[in-house]
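*Asks:* What would the 3D arrangement of this be:
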Amino acid sequence: MKKFILTSITIIIIISIVLSGSNVATKATQSDIAGKLIRFHVIANSDDKIDQGLKLKVRDSVLKYISPKLVDCKNIEQSRKIINNEDKNIKKIAQGVINKNGFKYSVATTLSQENFPIKTYGNITLPQGKYEAYRIIIGSGIGQNWWCVMFPPLCFVDITKGNVSYDKTESEMKQVLSDDEYNLVNNTASNNKIVAKFKLVEIFDKLFS
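*Replies:* Prediction:
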């Protein structure tokens, strides 16, 4: 019991130090940011190397199809409508890739509110919490996932080649987030404490959950 109390106090002190030492604006919250984003996740059947490779092939084919339809969306409602309208086509494309590669995995797609841990995408770090997400789940769906942001359209900047344009990401995010909200997720050098802050808060939450 004493060890638990000491650990808790230590974590609280560390979090306080990180929060007080950060020049990131704290007026914005995770829920403020989550209400303006749609995340995109492709979840592999397993962590097997072949299954992980199949996940990326599904990702590539789906992004090739959907990116022209979403890349110019001006608001989250427009993106959500397109995703819902194209859901059957996306599922068909994903299933086609799976079958073409010799697998019999099923594929499920959902647009729903899901809980996610802290995640970093280039110069953006999203805190843990609940987000709206479009998910493609391959087979058992117990493997590692690939993720990006569908709205604003961060997925469509040479992402399949492994490149993330920091300038493009900043520009897209600033179109939908306020200055306070962008400062909360911006993990560039001037705000390099943000990842540590989010991670400590995540550890703290798990400790008391």
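*Asks:* Next up, the contacts around residue 149.
*Replies:* The contact partners of residue 149, by CB atoms under 8 Å, 6 or more residues apart in numbering, come to 37, 38, 39, 40, 121, 124, 155. Quick note: C-beta positions are derived from backbone N, CA and C, even for glycine.
*Asks:* Now restrict the residues you listed to buried residues only.
*Replies:* Among the contacts of residue 149, those classed as buried by 16 or more other CB atoms under 10 Å are 37, 38, 39, 40, 121, 124, 155.
*Asks:* Relative to residue 93, which of the residues you listed is nearest.
*Replies:* residue 40 (14.0 Å; CB to CB).
*Asks:* can you list contacts of the helix or strand containing the closest one?
*Replies:* Using DSSP states H and E, residue 40 falls within strand 38-43. The contact list for strand 38-43, computed with CB under 8 Å, 6+ apart, reads 55-56, 58-59, 62, 76, 79-80, 83, 111, 116, 126, 131-138, 141, 143-151, 155.
*Asks:* Give the ChimeraX command for selecting the buried subset of those residues.
*Replies:* Selection of the buried residues among the contacts of strand 38-43 in ChimeraX, burial being defined by 16+ other CB under 10 Å:
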select :55,58,59,62,76,79,80,83,116,126,131,132,133,134,135,136,137,138,141,143,145,146,147,148,149,150,151,155
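*Asks:* Residue 131 reaches residue 34, doesn't it?
*Replies:* Yes. Residue 131 is within contact range of residue 34, at 4.7 Å (criterion: CB atoms under 8 Å).
*Asks:* This protein - how does it break down into domains?
*Replies:* For the chain, the structural domains run 1-22+193-209, 30-188, going by automatic domain parsing.
*Asks:* Most tightly packed of the ones you listed?
*Replies:* Stretch with highest mean neighbour count among the domains of the chain: domain 30-188 (a mean of 17; mean count of other CB atoms under 10 Å).
*Asks:* Dump the contacts of residue 149 to JSON lines, plus pLDDT and distance to residue 94.
*Replies:* Output for the contacts of residue 149, formatted as JSON lines (pLDDT from 0 to 100; distance: CB to CB, whole Å):
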{"residue": "37", "pLDDT": "95", "distance to residue 94": "22"}
{"residue": "38", "pLDDT": "96", "distance to residue 94": "18"}
{"residue": "39", "pLDDT": "95", "distance to residue 94": "17"}
{"residue": "40", "pLDDT": "95", "distance to residue 94": "12"}
{"residue": "121", "pLDDT": "81", "distance to residue 94": "22"}
{"residue": "124", "pLDDT": "88", "distance to residue 94": "26"}
{"residue": "155", "pLDDT": "80", "distance to residue 94": "15"}
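*Asks:* quick one: which of those residues is nearest to residue 179?
*Replies:* residue 124 (14.7 Å).
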